[in-house]
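1. Pasting a predicted model and its sequence here:
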Amino acid sequence: PPKFWEISKIIKENISAKKQQALVFEERKQEFRTAFEKLGIMLDVSRTFYPVDFIKRQLDAMALLKMNVFHFHLVDNNGWRIQIDKWPELTRKTAWRIGKDKDEWMAKGCKFVPEGTPGAVGGYYTKEDIKEIVRYAAELNIDVIPEIDVPSHSFSMLCAYPELACENWKAPDCAPVVKVLGEPSPYHCDLCLGNPAVYDFVFSVFDEVAELFPSKYFHIGGDEACAREWASCPKCQDLMQKEGVTNFTDFQNLFTIKAVEHLRKLGKTAIAWDEVICKDLPKDVIVTQWRDNALEADGYQVVKAHEYQTYLCNNQDYIGKEPKGIKIHTPLNAVYDYEPGDTGVRGIEACLWTERCPTEEIAEHQTYPRLAAIAERAWSPKDARNYENFRERVINMHTVWDKMGIRYFDIKSEMYPMHLVPDGIKVNYKESMSHRGKLPDILTMSDGTKFGTMWNKDNLYLAFKGTTVPEISVKGAAVVDASLGRQRNHPG
């Protein structure tokens, strides 16, 4: 492709021949061909909108890493990002908001505002923008797969067209009525599946989006439906009784099957997040697996996108110096060591959720070099991979990314891995650790092996902020002193 050769020219003109032999995307022997059909990245442009030039730069970087799928997460609670002619209020009412990131937006009441409002951030892609992105990606042999996430994550849809909500859902002026942990939240918003108008809305959106994307795949979301309104909505309850379903998983499945069938008529194969799995789901649906569950055993083809090892929104280094991310520690070596398995696995996907990536610089900082680790994992068999060798090639890539304008995380500045107290060492705290609590000035980091979350009390390391460490007693080993962020093992 022409654009790829332009990038290759940058490499040849700016990197020595010796270093060209030691880049992340170095030519592999033929027998090292990837076993995975799909190797890609999902970019969430709902929580943060990025311009077309930014998208093109990521496509360039993907091409260098021999990645072939760009999963375009176009809509979510935080904003609608694609022109739909039949439903113009989607972009008119919910493409712009007050609040540069999720935290600021929620703190200010989850308000959408008209374009041009002072302090408004956001935007959307016109149909011409989408055509240009698809054309550009095709030159790089990259398949662009759209995602319209339904029936949940629907706050933006309901603010634009409240008649699509259940009867008991009310959000005057788009102010959410649900509070999670005392904070206003739009994250409990499902379309009313008992309302026939919802199906007309969803399928007509599918029709317009499908025309813009020549890919044979179409992602329908399907994740994290809360069903809170379905439980008390007369229309939903009537449909459940009519169809003879007694739980909300099967109720959502009625909708999912209709969505899959509609996409088949458009010549598309549906992809969905792993929550959609149930006994009646057609086996030709490809599942994006982000949680730990044995979907392959059920006969589904999956794309692996593990929330701890492929989510680029996770912190990749000491939390005190990194941008505000999801407080899970996923360093470069953890991504490189990811083992997705092979039975039924169609591909691997990195995911950049952008709640806390309000700028292009932060988004790229979170993505690179970890995206290179995903690519190498897919292109290299286990016995051919060596992390230290890979790390050196990542450093060589810095020159290439500099010339391309990519703002990456400098792996040479990495504070981790640090010396840690070995597993099994008892640590006694003077103050107790509750399930969601933490001692003053302490941040919990995930165990680099088990990939727990900051809210999981078990198998975590604690990272102490600053130089003051609360009084602790350690049995069986000396305390490890690491001035970059002291750490202690906390087995329970």
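-> Alright, I've got the coordinates.

2. my read: E132 touches D53, true?
-> No. Under the criterion of Cβ atoms under 8 Å, E132 makes no contact with D53, lying 10.3 Å away. The way it works is simple: take the backbone N, C-alpha and C, and place the C-beta from them, glycine included.

3. between the two, who's got more neighbours?
-> Just comparing E132 and D53: by other Cβ atoms under 10 Å the higher neighbour count belongs to E132, 15 against 9.

4. SS state for the more buried one?
-> The three-state label given to E132 by DSSP: H, G, I helix; E, B strand; the rest coil is helix.

5. dump the residue contacts of the nearest residue to it once chain neighbours are set aside.
-> If the residues on either side of it in the chain are set aside, E132 comes closest to V52, at 6.3 Å by Cβ to Cβ, 6 or more residues apart in numbering. Neighbour list for V52: 125, 129, 132-133 [criterion: Cβ atoms under 8 Å, 6 or more residues apart in numbering].

6. got it, and S152?
-> Taking Cβ under 8 Å, 6+ apart, we find S152 in contact with 189-191, 221-226.

7. V198: which element?
-> helix 196-212 (DSSP states H and E).

8. Please name every helix or strand in contact with the next helix-or-strand element following that helix.
-> Proceeding N to C from helix 196-212, the next assigned helix or strand is strand 217-219, under DSSP H and E. Packing partners of strand 217-219 (3 or more Cβ pairs under 8 Å, 6 or more residues apart in numbering; DSSP states H and E): strand 143-147, helix 196-212, strand 269-273.

9. By neighbours, which of the contacts of V52 wins?
-> The contacts of V52, ranked by neighbours (other Cβ under 10 Å): first place Y125, 24 neighbours.

10. ok, that one touching I133?
-> Yes. Judged on Cβ under 8 Å, Y125 makes contact with I133 at a distance of 7.4 Å.

11. follow-up on the earlier one: now for the helices and strands packed on strand 217-219, which one comes closest to L254?
-> Nearest of the helices and strands packed on strand 217-219 to L254, taken as Cβ to Cβ: helix 196-212 at 10.4 Å.

12. Correct me if wrong: F248 contacts C233.
-> No. Between F248 and C233 there is no contact under Cβ under 8 Å: 11.3 Å.

13. And these two? Which one has more around it.
-> C233 (23 against 18).

14. contacting residues around the more buried one?
-> Taking Cβ under 8 Å, 6+ apart, we find C233 in contact with 166-168, 192, 194.

15. rerun at 10 Å
-> 165-169, 190, 192-195, 227, 239-240 (Cβ atoms under 10 Å, 6 or more residues apart in numbering).

16. got the buried residues for the helix or strand hosting N389?
-> Assigned by DSSP H and E, N389 belongs to helix 387-404. By neighbour count on 16 or more other Cβ atoms under 10 Å, the buried set for helix 387-404 is 390-391, 393-394, 396-401, 404.

17. Just give me how far it sits from the chain centre.
-> Remark: helix 387-404 is offset 24 Å from the chain centroid, using Cα atoms, centre = their mean, to the nearest Å.

18. Can you say which of the contacts of C233 are buried?
-> Buried among the contacts of C233 by 16+ other Cβ under 10 Å: 165-166, 169, 190, 192-195, 227, 239-240.

19. My read is that Y336 contacts R393, right?
-> No. Checked against Cβ atoms under 10 Å, the pair Y336 and R393 is beyond contact range at 11.3 Å.

20. Please report the distance of K111 from S154.
-> Distance from K111 to S154, counting by Cβ to Cβ, to the nearest Å: 17 Å.

21. low-confidence ranges in the stretch 301-450 of the chain?
-> For the stretch 301-450 of the chain, the stretches with pLDDT under 70 are 318-320, 326-327, 416-450.

22. any chance you could map the strands in it?
-> Along the stretch 301-450 of the chain, the segments classed as strands by DSSP state E, counting those that start in this stretch run 302-304, 314-315, 326-329, 345-352, 426-429, 442-446.

23. can I assume Q289 is in contact with V276?
-> No. Q289 lies out of contact with V276 (Cβ under 10 Å); the separation is 11.1 Å.

24. what is in contact with these two at once?
-> Taking Cβ under 10 Å, 6+ apart as the criterion, Q289 and V276 both touch Y300.

25. list residues touching both of F248 and C233?
-> Contact criterion Cβ under 10 Å, 6+ apart; residues shared by F248 and C233: 190, 193, 227, 240.

26. Could you verify that the third one is part of a helix?
-> No. Assignment of A227 by three-state DSSP gives coil, placing it outside any helix.

27. do you know how far the residue nearest to it when sequence neighbours are not counted is from S152?
-> Spatial nearest neighbour of A227, chain neighbours left out: F248 (3.9 Å); criterion: Cβ to Cβ, 6+ apart. In this view, F248 and S152 are 11 Å apart by Cβ to Cβ.
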